[in-house]
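# structure for the following, please:
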Amino acid sequence: MIEILVGTDRQHSRSAQVAQLIEPFYKAHGYETHLLKLDDLKLSELNGSHYGNEKPAAVAQGVQRILDAEGLVVVCPEYNGSYPGVLKLFIDNWKYPESFEHKPVCFIGLGGAYGGLRPVEHLQQVFGYRNSFIFPDRVFLQNIWSVLSGDQILDPTLTQRLEKQAQGFCRFIRALRSEKLHGGDYKWEK
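Take a look at the predicted model:
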């Protein structure tokens, strides 16, 4: 199962639209997918007392979905030069280290002139720090409001990039699995 994480809690967001558009690309390569939407998780119920403790049920289910995923695709908009604070709040409530360690992750950025480059780079720092396997082929959707219309991306080149990323990420996950480098399968030798 590949989790496609919508990196904002804004209802009817472009990130959610893109996440829905890429689902068939992963299914075409033999993976089931699940959209994990932050607006479904009731993150407003979280506060500092939940770090490391019992979480509200919807948040706990979201964290479990991350744990169970073979791979994670993060579709993230740019908010004020970085990724949304609600995404940081969710990430900070994941189980460590098992949510991150050797988890294959790839990124799609959405934004204006730079297509979400900044939030993706910031997320790569977080996931790299926590020892995730970061798929190097990122996709940036520049001026998202002009390339996304309803349920389709208007630029066929961008669609091809997203399809190619999905194909490559599926191969990446399989390669890590075949060498037992994926998540809980991987143990450092002494």
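# which helix of the chain spans the most residues?
helix 156-178 (DSSP state H).
# can I get that helix in CSV, CA atoms only?
Only the C-alpha atoms of helix 156-178 are listed here, as CSV (Å, rounded to 0.1, in the frame of the first residue of the first chain):
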residue,chain,number,x,y,z
PRO,A,156,0.6,16.9,-20.8
THR,A,157,4.3,17.2,-20.0
LEU,A,158,3.5,17.6,-16.3
THR,A,159,1.2,14.6,-16.4
GLN,A,160,4.1,12.6,-18.0
ARG,A,161,6.4,13.7,-15.2
LEU,A,162,3.9,12.5,-12.6
GLU,A,163,3.5,9.2,-14.4
LYS,A,164,7.2,8.7,-14.7
GLN,A,165,7.7,9.6,-11.0
ALA,A,166,5.1,7.0,-10.0
GLN,A,167,6.7,4.3,-12.2
GLY,A,168,10.2,5.1,-10.8
PHE,A,169,9.0,5.3,-7.2
CYS,A,170,7.3,1.9,-7.5
ARG,A,171,10.5,0.4,-8.8
PHE,A,172,12.4,2.1,-6.0
ILE,A,173,10.2,0.5,-3.4
ARG,A,174,10.5,-2.9,-5.0
ALA,A,175,14.3,-2.6,-5.2
LEU,A,176,14.6,-1.7,-1.5
ARG,A,177,12.3,-4.6,-0.6
SER,A,178,14.3,-7.1,-2.7
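# packing partners for it?
Here helix 156-178 is seen to pack against strand 2-6, helix 14-27, strand 71-77, strand 104-110, strand 139-141 when contacts are counted using 3 or more CB pairs under 8 Å, 6 or more residues apart in numbering; DSSP states H and E. Where C-beta positions appear, they are placed from N, C-alpha and C, glycine not excepted.
# at 10 Å what do you get?
When contacts are defined as 3 or more CB pairs under 10 Å, 6 or more residues apart in numbering; DSSP states H and E, helix 156-178 packs onto strand 2-6, helix 14-27, strand 71-77, strand 104-110, strand 133-134, strand 139-141, helix 144-147, strand 152-153.
# kindly reformat those as JSON lines containing distance to G85.
Output for these, formatted as JSON lines (distance: least, CB to CB, whole Å):
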{"stretch": "strand 2-6", "distance to G85": "15"}
{"stretch": "helix 14-27", "distance to G85": "15"}
{"stretch": "strand 71-77", "distance to G85": "12"}
{"stretch": "strand 104-110", "distance to G85": "16"}
{"stretch": "strand 133-134", "distance to G85": "22"}
{"stretch": "strand 139-141", "distance to G85": "21"}
{"stretch": "helix 144-147", "distance to G85": "20"}
{"stretch": "strand 152-153", "distance to G85": "27"}
